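**Q** Next input, structure requested:
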Amino acid sequence: MDNVRGVEGDRGGAAEVDVRDGDVDGPRLDIGTDERRMHVRAYNHWVSLLHGRAYPAIGNLDPANIADFGPHSVLLDFSEGVDNPAIPFVGRALREECSIDSTITHISQVPSRSLLSRLTDHYLQIIANRAPIGFEAEFVNARGHNTLYRGILMPFSSHEDSIDFIYGVINWKELVDDATQDRLNAELAAAVRSGPAAAAAAIAWADGPSDATLPGDEIESVQDTASLAVTPAPPETLFDHLALARESADAVHGAEGRTRAALYHALDRAYAFAAAADADPRSYEDLLEDAGITLQLRAPMTPVVKLVFGGNYDKTRLAEYASVLSHARRIGIAADGLAGYLDSVEGGIKGIVQAERAARAPVPAVMADPVAQLRERTPIAQVAISSTVAAGDFVVLLARAGEAGMLDIVAQLDDDPVLLKKAMRQATA
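**A** Numbering: from 1, shown residues only. Below is the predicted model:
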């Protein structure tokens, strides 16, 4: 599914730039050579070329000689119009991934199921926003492989006052399908079971368990102590729960960790954090205040997922994750049992979201039958008028206010069923 969303900065970093907001005057980011931050390094390069202009000069861009991200980039030329931009440059890695050659010279020739089409689909956003646009999404490529990608499109100009070139940088990873992943996991587990048993851990001091002078049961006791020493302590405070939940969420943020198991584990941690927050509301309120997140009584799990996954995470996914946690609480899932429940529930996360929405939908009011109500109502007056209407049926009378509080009936409307039904509904409303 192609689901475009804005690129997020590193969690916990000293400085963050959201390229969607066009914050081109902020500090450049020094984030090293992390492959997942390729789009940020490209953005820093774009900033370095501004030199006080609204847009960098296209003459200062040389993508073929950018060793870092040049092979993952493409240049679009709008000098002859925006309907079908020319493609004067496609990097080697991107060209090989998309299986295209030098005959592809314009956007209209780009294969629809290629990675290059994912990037060029967003170029009109640059024209509208007049600022760099970051994006992150996934799609099924022409080979039938689910592909995660993230990138950035940046405006350039040949005469400073308008955009006539766009430079895009994109990075990607292919995911194996669930069946292949399960098979690989099974093969790995079998290899571990058939391998030699691991040697017992030894303490690194002279009189430790490796010292043959110790009695056997004392050796076992020290070895047990060593084993316990490397076992992670269970979370004790609300902050410990949040740290563990964020650690799991970070695995989902990265393309290499975006698997169903990683997501279920992250949601399980988030649910455990929510339970810990219930037990320590004061610390929870402090966390929300520090993060600038408002407590929502109608959606109590939304602040939880924002704290765990980040407030800038995709809003649709945050809403889905909050629905999952709300559903788990509503049906009484144990604080440490959400991952197992997600593995077994039919429809997975999507099915839970639908069930939770259905549970929250207001029950439609049952409309009372106006005919039955009016048949039981006591008459407010009786008049003798010649009529063809059968006894027990209804008729609309049109009256004019007369003298001494009397009503003068001037018409009998028994041939308009629409008017009759409307009058009956209004009389019983």
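**Q** Please pull out the lowest mean pLDDT helix or strand from the protein.
**A** Least confident helix or strand, the chain: helix 216-229 with a mean of 38, by mean pLDDT, DSSP states H and E.
**Q** Let me see the mean pLDDT of the next helix or strand after it.
**A** Downstream of helix 216-229, the first helix or strand assigned by DSSP states H and E is helix 238-253. The average of the pLDDT scores along helix 238-253 is 78.
**Q** where exactly do the strands run in this structure?
**A** With strands called from DSSP state E, the chain shows them at 73-77, 86-90, 133-140, 146-156, 165-175, 396-401, 407-413.
**Q** Who are the packing partners of the third one?
**A** Secondary structure elements in contact with strand 133-140, counted by 3 or more C-beta pairs under 8 Å, 6 or more residues apart in numbering; DSSP states H and E, are strand 146-156. (Each C-beta comes from the backbone N, C-alpha and C, glycine too.)
**Q** What strands flank the strand it packs on, and is each parallel or antiparallel?
**A** strand 133-140 (antiparallel), strand 165-175 (antiparallel) (DSSP bridges).
**Q** Taking their axis directions, that strand and strand 73-77 sit at what angle?
**A** 50 degrees (axes from the mean of the first three to the mean of the last three C-alpha atoms, to 10 degrees).
**Q** Could you measure from the residue nearest in space to the middle of the chain over to Ser112?
**A** In the chain, the residue lying closest to the centroid (C-alpha atoms, centre = their mean) is Arg317, at 2.5 Å. To Ser112, Arg317 is 26 Å away according to C-beta to C-beta, to the nearest Å.
**Q** coming back round to it: tell me which of the strands paired with strand 146-156 is the most buried.
**A** strand 165-175 (a mean of 22; mean count of other C-beta atoms under 10 Å).
**Q** From the chain's centroid, how far away is it?
**A** Distance of strand 165-175 from its chain centroid, counting by C-alpha atoms, centre = their mean, to the nearest Å, is 20 Å.
**Q** Just the angle for it relative to strand 86-90, thanks.
**A** 50 degrees.
**Q** pLDDT averaged over strand 165-175 - what is it?
**A** 87.
**Q** correct me, but Ile349 touches Arg317?
**A** No - assessed by C-beta atoms under 8 Å, Ile349 is found out of contact with Arg317, at 9.4 Å.
**Q** Kindly reformat the strands of the chain as CSV containing distance to Asp62.
**A** CSV is the format used below for the strands of the chain (distance: least, C-beta to C-beta, whole Å):
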stretch, distance to Asp62
strand 73-77, 10
strand 86-90, 10
strand 133-140, 22
strand 146-156, 12
strand 165-175, 11
strand 396-401, 84
strand 407-413, 84
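**Q** Which of those strands has the lowest mean pLDDT?
**A** strand 133-140 (a mean of 79).
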